[in-house]
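Asks: Please find the sequence and the predicted model below.
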Amino acid sequence: SALYAAGTTDSVRLVVLDEVNIARIEYYFAEFLSLLELPDENARVLSIAPSGMPNDPKRMVNGSMLLPENVFFIGTANNDDSTFAISDKVYDRASVMDLDKRAEPFHAEGYEQKNLSMQRLKRLNAEAQRRYALTERDLRKIGELDAFLRSSFQVSFGNRILRQIKTFVPAYVACGGRAEEALDLILAKKVLRKLSSCNPVLVKAKSKDLRDTIITLFGESNSEECLYAVRKIAENS
């Protein structure tokens, strides 16, 4: 119902799935993971029923409807013994926020409510890509980190994550952040996370070399998230 209603408007809509890993995400969300990756938004057809009925709503055709481009899915997950592990496939297709540190309390100032259309959001993103695209220097550093991870841990990231990096960093800068902060954040969440599935003895043994490589490439002050991720993975190995 929420997806159908979202298709009748251009406003940005959020669908929140609480505790997504009580069941295996791939069992119930696989179709969405595949559809959301299709570059052609008009090809993201979601099957609802085996066939159509004469009294089907207007946006349903032969039991299927178009997945609206203005819908974003947010999932919350606990990592404990009562839940299933989230696979690399899911992490590769998601933007991850880890809430593993207690934040300082703060007072939120009042603000004027504004509606944001999907078309406006797309225009802002396109403008960010033009103005704040990754530099060749940044791409070289990312490539050198990838080469180190491949040679040391047999871990690599493909074109999907590289596309995400190229999209995320300009959007982050357009929102008022620094490119160095954005790179540090997405490399920690999307790339270094893969080390958690490696041989723990190997990760612990080479963690200092990885730390030194990150500092050499990006600088210690610009790598807080990455260095924290390395330390955390090494401690848990």
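Replies: Yes, it's here. Numbering: from 1, shown residues only.

Asks: can we go C-alpha only for contacts and neighbour counts from here?
Replies: OK.

Asks: tell me the secondary structure for the residue at minimal distance from the centre of the chain?
Replies: By Cα atoms, centre = their mean, the chain has its centre lying nearest to Ser95, at 1.5 Å. Following DSSP: H, G, I helix; E, B strand; the rest coil, the label given to Ser95 is coil.

Asks: and the gap between it and Ile165?
Replies: 10 Å (Cα to Cα, to the nearest Å).

Asks: Over to Ser64?
Replies: Taking Cα to Cα, one finds Ser64 at 33 Å from Ile165.

Asks: Kindly report the same for Gly52.
Replies: From Gly52 to Ile165 the distance is 40 Å (Cα to Cα).

Asks: ok so, going back, so Ser64 and Ile165 - more neighbours on which side?
Replies: Ile165 (21 against 16; other Cα atoms under 10 Å).

Asks: Check the secondary structure at that one for me.
Replies: Applying three-state DSSP: Ile165 is helix.

Asks: packing partners for the helix or strand where Leu162 lies?
Replies: Element membership of Leu162, judged by DSSP states H and E, is helix 159-174. Helix 159-174 makes packing contacts with helix 118-131, helix 179-186 when contacts are defined by 3 or more Cα pairs under 8 Å, 6 or more residues apart in numbering; DSSP states H and E.

Asks: Could you pull out the buried residues of it?
Replies: Judged by neighbour count using 16 or more other Cα atoms under 10 Å, the buried positions of helix 159-174 are 161-162, 164-174.

Asks: Averaged pLDDT, it. What do you get?
Replies: For helix 159-174, mean pLDDT is 94.

Asks: For that helix, what is the distance to the chain centroid?
Replies: The chain centre lies 10 Å from the centre of helix 159-174; the measure is Cα atoms, centre = their mean, to the nearest Å.

Asks: what angle do that helix and helix 179-186 make?
Replies: For helix 159-174 against helix 179-186, the angle by axes from the mean of the first three to the mean of the last three Cα atoms, to 10 degrees is 140 degrees.

Asks: pull the CA atoms of helix 159-174 into PDB?
Replies: Once non-C-alpha atoms are left out, helix 159-174 reads as follows in PDB (Å, rounded to 0.1, in the frame of the first residue of the first chain):
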ATOM      1  CA  ASN A 159      32.700  -1.300  -9.700                       C
ATOM      2  CA  ARG A 160      29.500  -1.200  -7.700                       C
ATOM      3  CA  ILE A 161      31.200   0.200  -4.600                       C
ATOM      4  CA  LEU A 162      33.400   2.500  -6.700                       C
ATOM      5  CA  ARG A 163      30.300   4.000  -8.200                       C
ATOM      6  CA  GLN A 164      28.800   4.500  -4.700                       C
ATOM      7  CA  ILE A 165      32.000   6.300  -3.600                       C
ATOM      8  CA  LYS A 166      31.900   8.600  -6.700                       C
ATOM      9  CA  THR A 167      28.200   9.400  -5.800                       C
ATOM     10  CA  PHE A 168      28.500   9.700  -2.100                       C
ATOM     11  CA  VAL A 169      31.600  12.000  -1.800                       C
ATOM     12  CA  PRO A 170      30.200  14.800  -4.000                       C
ATOM     13  CA  ALA A 171      26.800  14.700  -2.200                       C
ATOM     14  CA  TYR A 172      28.500  14.800   1.200                       C
ATOM     15  CA  VAL A 173      30.600  17.900   0.100                       C
ATOM     16  CA  ALA A 174      27.500  19.600  -1.300                       C
END
